[in-house]
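Novice: Sequence first, predicted coordinates after that:
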Amino acid sequence: MTAMPQLVRPVRHRRLAEVAAVGAPLVTATAAIAWRIGSGATAVVIALVGVGLVVGAGWWAGRIGDRWLTRRLDAARTDMEDSADLLFAPVWGLTPLERLQRDRLERRIAEALPDLRPAWRTRRIAAAWLIAGLVVAAAIGVGRSPPKMALALVHEETPVIPGVPRLIGGRLQAMPPIYTGAPSRDTAALDLRAPQWSRLAWALRFAPQPASADRVFADGSHIALVRAGDVWTAQRVLARPILYGIVPHGGAVAPLHRLDAVVDTPPVVRVIAPEHSLSVRVAGQARWPLDFEAHDDYGLS
């Protein structure tokens, strides 16, 4: 049937567009969640995996079978006379009357191509975008909001030199991973001990205001602070213990502060009964006593 590509192509395009319209916001929302509880690298990996899944779903949705086309043709065109299945049957297996009917159907389709595209699933698409919008808004709002508390005075052992920027106030907030169940914690100190993979947020104030400021880590890496009014902010995921200093542009050498990452140890299970790892079954024994205790840093379920 020569008109078959013209019939199938719009249907395939509609299906691919619908998969993309639903998949794109869901991938974005998933990446936002990964960024919120993990890191930027985690979000990129999740996004790439999501794109791969959407591509796979699009390929699957683009597969159009003869049975589906038969049903759509019969439903869309009354002049198919419920005989659209003849268009996909082997010619050699048709009777002369069926071949004549097939020729008629092909001519009718060639004269006026039917639109077999399924209707847009607007509710599904709208729901996907609405959910994604709420998730992204929540991730951005929670992940990037600076500490709300007033900045406490910071007394660093740096000389007071007129015109030279120095740190005068600060606040450090630790947001532990969600699975720990631990609450967020604010501290006026720039040294901190928190669960590993906590998201840390700094809010700092200098006097006078520097042109720029960096967090300088003991491994030699530098991360610039971002200015918002008279407050400088920064974030970092606490992956391992590390020393760092706050260095304003043109300022004196800053003292080092320590960030300690508390590693989540595996759950510990201790068997109380039986007392021996190898127990001998007594004749007629139908039950085995079993008693154990377990504990974990953040609880068990």
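Specialist: Looks like it came in fine.
Novice: For the rest of this, base every contact and every neighbour count on C-alpha atoms.
Specialist: Noted.
Novice: Wait, L190 touches R171, no?
Specialist: Yes. Using CA atoms under 8 Å, L190 is in contact with R171, at 7.3 Å.
Novice: more crowded one of the two?
Specialist: Regarding L190 and R171, a neighbour count based on other CA atoms under 10 Å identifies R171 as having more, with 24 against 19.
Novice: Can you tell me, leaving aside adjacent residues, what's nearest to the more buried one?
Specialist: Residue nearest to R171 in three dimensions, not counting chain neighbours: A188, with 4.8 Å by CA to CA, 6 or more residues apart in numbering.
Novice: Tell me, how many residues neighbour that neighbour?
Specialist: Residues near A188, counting by other CA under 10 Å, number 18.
Novice: Could you double-check that it sits in contact with W202?
Specialist: No. With contact defined as CA under 8 Å, A188 and W202 do not form a contacting pair (10.1 Å).
Novice: about what we covered before: per-residue pLDDT of the residue nearest to R171, please?
Specialist: Model confidence at A188, expressed as pLDDT, equals 83.
Novice: Overlap in contacts, A188 and W202.
Specialist: Common contact partners of A188 and W202 (CA atoms under 8 Å, 6 or more residues apart in numbering): G170, R171, L172.
Novice: Might one say that D74 is in contact with L86?
Specialist: No. With contacts counted by CA under 8 Å, D74 stays clear of L86, the gap being 11.3 Å.
Novice: who has more neighbours, the two?
Specialist: In this comparison of D74 against L86, neighbours counted by other CA under 10 Å, the higher total goes to L86 at 19 against 16.
Novice: residues contacting the more buried one?
Specialist: Taking CA under 8 Å, 6+ apart, we find L86 in contact with E98, Q101, R102.
Novice: All the strands of this structure, residue numbers only.
Specialist: Taking DSSP state E as the criterion, the chain carries its strands at 152-153, 166-175, 185-187, 192-195, 198-207, 213-217, 222-224, 226-228, 231-238, 242-248, 257-262, 268-273, 291-295.
Novice: Contacts for stretch 62-75 next, please.
Specialist: The contact list for stretch 62-75, computed with CA under 8 Å, 6+ apart, reads 8, 12-13, 15-16, 80-85, 88, 114, 116.
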